[in-house]
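Novice: build me a model:
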Amino acid sequence: MLSTCSGFCSFSGILSIKKEPPLMNIEEYRTYCLSKPAVTESIPFPKLPDVLVYKVLGKMFTATDIVTFSSFSIKCNPETIDELRAKPSYFSKKHWSRVAIDGTISDKLLCEWLDISYDLVVAKLPKRMQIELNNK
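Specialist: Numbers count the residues shown, from 1 in each chain. Model prediction:
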């Protein structure tokens, strides 16, 4: 990579965007998820022992492979999910998308998407659980 480029490099007349190395790692992902109110982590699928799941009050909002951490799955709004499509997810294609951790997406945006996933799950919780969560 050329250090003098500010995001774009030209080679033989072809313009391409520089990829930065992935910044978020599994520990940062874990810490961020667990910093949210009422979040728990588990490995709930016996046939998928490497899948780490984060839930808010028992409802899943993200999951990842703890061995590779090459992507994570998030819950999405069905109207905007096509914007996030990169690879198929193991979960419902209507509400879930897998986000690649390959350096092309900033940590800030990854965290924003985790926030959206968390908020979508909280919004579907029964009102009394939402009130309980807001009081924590």
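
Novice: check which residues of stretch 98-110 are buried.
Specialist: By neighbour count on 16 or more other Cβ atoms under 10 Å, the buried set for stretch 98-110 is Arg98, Val99, Ile101, Ile105, Leu110. Yep, even glycine has a C-beta here, placed from its N, CA and C like the rest.

Novice: now for the helix or strand encompassing Glu132, which elements pack on it?
Specialist: Assigned by DSSP states H and E, Glu132 belongs to helix 127-134. Counting contacts by 3 or more Cβ pairs under 8 Å, 6 or more residues apart in numbering; DSSP states H and E, helix 127-134 is packed against helix 107-124.

Novice: find the residue closest to Met60 in space, skipping its chain neighbours.
Specialist: Val53 (5.4 Å; Cβ to Cβ, 6 or more residues apart in numbering).

Novice: likewise Glu41?
Specialist: Using Cβ to Cβ, 6+ apart and skipping the chain neighbours, the partner closest in space to Glu41 is Tyr54 (5.4 Å).

Novice: so that neighbour belongs to a strand, correct?
Specialist: Yes: counting by DSSP: H, G, I helix; E, B strand; the rest coil, Tyr54 falls inside a strand.

Novice: quick one: contacts for it?
Specialist: Cys33, Leu34, Val39, Thr40, Glu41, Met60, Phe61, Thr62, Ala63 (Cβ atoms under 8 Å, 6 or more residues apart in numbering).
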